[in-house]
Structure formats: C-alpha cells, structure tokens
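Quick one, fold the following:
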Amino acid sequence: MQKANRKIEQAIPLPEHIQYQPVSEPLTAPVPLPTSSNLAPAQKRYPMSNQLYMGDAVNTLRLWPDGCFDACITDPPYNIAKKRKGLKWAFSSHVTIDSAWDRFSNDEYQRFTFEWLQEICRVTKVNGNIFIFGSYHNIYTIGHLAACMDLRVVNSIIWAKPNAQPNITCRMFTESTEQILWLCNNTNDKAKNWTFNYHHMKELNGGKQMRNYWEIPLTPPKERIHGKHPSQKPIRLMERLVLAGTRAGDTVVDCFVGSGSTLLALDRLGRNWVGVEKDPEYCQIAHRRLDEERKQRRLFAETLG
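Numbering: from 1, shown residues only. Reported below is the predicted structural model:
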C-alpha cells in the first residue's frame, strides 16, 4: 500500500485577484453531416477551453482539428450491462450497471471502440498521453485494438479498491481492481518524450519510486451529493493521473465525461479541459460539481486572505 503525501495532492486555490468564474453551461454539440468525418482541415473548429459538450463522443470529436489536445484521460463504457435485471446486495445501494449506453454486441463494441480511439489519437498531439480506464470485461479489447494501431503502451496501472463491493454470487473472487491503460500517441518505433512527472510522483510516494499499483478507496458519498453515476471515479485517483501525466496549462480532453471526475481534477490542478458527454443528466451533474468546486475554492482563497 502506498502512503502518498496528501498535502501535495490538493486543489490549487484561486489567487485573490481572480474573481469567481462560473463554469459555462454544457453546450449541445452540432449534429454532424454524414460527411463530417471527411471535413477539410479549414472546416474544423477548435473546441472552447473549459467547456463541456453534450453530444455523441465520436461525432463531436470529428468536428475538431488534428492535435488540438495535449492529452486524453477517459473512462469509456465497459460493455458489462446485460439484458437481465441487475443484481443487488441487501446491505448496499450498489446495483449492477444495466444502462443502455453500456450495452453492445461484441462486434458493435469493437467497432465503437476503434472509432473513438482513432478519433482520440487524431485530436491528441503526437506523443501525447492517452489514459483509458477499463476492467477485465473490456481492457483486453482496447489493448488489442491499440496493438493493431501500433500504439506504444507505456504502462498498465492497477487501481485496487480496498472497500470493493462483495461478490454476491459466491462463484468467483471479489472483483476489486480496475486497470488504466497508458498509451503514448505514436507508434512503437517513434514514441518518445511523453510526459511523466517522475519526481513529483516519487515525492508523493515518500521519496520512493511510485509503483503501478494504486490502492485508493471507492468514491466517497461526499463526492456524490450532486448526483450519482454507476462507475464514478474518486477525485483522489483522477488527481494522481493528472499530476503524473500532464503539465500545468495543458489542455486535456475526456470524451466520456460521466459525472465529471476527470474534469474536476483537471480544473483543481490548473489544467484546461474539454469534455464530451451524451447523457443530459450526467452533463448537469458534472456541471454542478465543477461550479460548486470553483465556489468553494473562491471561498477558501478569501478565508486565507
């Protein structure tokens, strides 16, 4: 278990001279024409910084020019939803994911994954970092497609959940980990100079090299007060990814925003962000979380002053 220095993993207070700036309401992404994937470079438009777009991930990404982001951190559908009703544990409010947005046939999921991964590689700068969450249900599919695209795999990070949901079937081990596939946006032969803040990670880990096994508890209730998402990630986990693989001032995209944990971590740590989420309810949850975070940071700065 790694005992990271939590004094370093924290939000950057807003300077006193900067006024509170509300987070912009989610914008509905334009519905692309059938030929949008073939738009000429001059027809593509840069996304607005620190803006959440409501729309389909692939279609929205196709509207933006090549190399407009420094990095990508995203948590795509895992394809674990079944047509049957989700199971429930008597002592927990957790319910197995059964939403339509997470249900694909095998062929559909491979096609969907290839399309969004191809677009993310296009809009991310060469040698930029791409971090992708997954479980055993989908991470091998994503890894296989990345290998077919000859993308450089830098690391696989294991997120271990010490308070994971018990296995209620009693037919297998309790599933208590997820993986984060770390890709460099270039071929295996050409990949170089990807961002890794090694010394910061070492400092967080008490002066020792940080390993790729991160034991971090599940999302606490205080991070769900604006609404719930079935696969919401804890801010502490997202902060560590942001600190490890991006620099202050970078512009980072998340094309599957969900409830906004990635965007919240980026905003806290002085990175610019752009998000895409097609579900109106999740868009509003993410917006409320971001706006409340900025209000609290403003109050914190005023208290210090």
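
Verify the stated contact: residue 250 with residue 270.
No. Using Cβ atoms under 8 Å, residue 250 and residue 270 do not qualify as a contacting pair, with a distance of 9.1 Å. The C-beta positions use only the backbone N, C-alpha and C, and glycine is treated the same way.

if you count what's nearby, which of those two comes out ahead?
Comparing residue 250 with residue 270 by other Cβ atoms under 10 Å, the one with more neighbours is residue 250, at 21 against 14.

for the chain, which spans come out with low pLDDT?
Counting by pLDDT under 70, the chain contains low-confidence ranges at 1-20, 32-38, 81-104, 298-305.

Could you count how many residues lie near residue 119?
Per other Cβ under 10 Å, the neighbour tally for residue 119 reads 19.

neighbours of the residue lying closest to residue 250 once chain neighbours are set aside, just the number please.
The shortest distance from residue 250 to any residue that is not its chain neighbour, by Cβ to Cβ, 6 or more residues apart in numbering, is 3.9 Å, and that residue is residue 70. Each residue near residue 70 was counted by other Cβ under 10 Å, and the total is 21.

Please give me every residue in contact with residue 70.
Contact analysis of residue 70 by Cβ atoms under 8 Å, 6 or more residues apart in numbering lists 124, 125, 128, 195, 246, 247, 250, 251, 252.

Which strand or helix spans it?
strand 69-74 (DSSP states H and E).

Tell me the first helix or strand C-terminal of that strand.
For strand 69-74, the succeeding helix or strand toward the C-terminus, using DSSP H and E, is helix 106-123.

what's the angle between that next one and strand 69-74?
Using axes from the mean of the first three to the mean of the last three Cα atoms, to 10 degrees, one finds that helix 106-123 and strand 69-74 are set 150 degrees apart in direction.

Helix 106-123 packs against which elements?
Helix 106-123 sits against helix 57-61, strand 69-74, helix 139-148, with contacts defined as 3 or more Cβ pairs under 8 Å, 6 or more residues apart in numbering; DSSP states H and E.

Buried deepest among those, which one?
Using mean count of other Cβ atoms under 10 Å, the stretch among the helices and strands packed on helix 106-123 with the largest mean neighbour count is strand 69-74, at a mean of 24.

Run me through the strand neighbours of that strand, direction for each.
In the sheet, strand 69-74 lines up against strand 124-134 (parallel), strand 251-254 (parallel) (DSSP bridges).

Could you single out the most deeply buried of these?
Scoring these by mean count of other Cβ under 10 Å, the most buried comes out as strand 251-254, with a mean of 25.

The closest residue to residue 272 other than its chain neighbours and residue 258: what is the separation?
The shortest distance from residue 272 to any residue other than its chain neighbours is 4.2 Å, reached at residue 251 (Cβ to Cβ, 6+ apart). Residue 251 sits 20 Å away from residue 258 when distances are taken as Cβ to Cβ, to the nearest Å.

Check residue 241 too.
Using Cβ to Cβ, residue 241 is found at 15 Å from residue 258.

Over to residue 48?
The spacing between residue 48 and residue 258, counted by Cβ to Cβ, is 20 Å.

quick one: which of those two has more around it?
Each of residue 48 and residue 258 has its neighbours counted (other Cβ under 10 Å); residue 258 has more, 25 against 11.

check contacts around that one.
Residue 258 touches 75, 229, 231, 232, 277, 282, 286, counting by Cβ under 8 Å, 6+ apart.

Generate a ChimeraX selection restricted to the buried subset of those.
Selecting in ChimeraX just the buried members of the contacts of residue 258, where the criterion is 16 or more other Cβ atoms under 10 Å, is done with this command:
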select :75,229,231,232,277,282,286
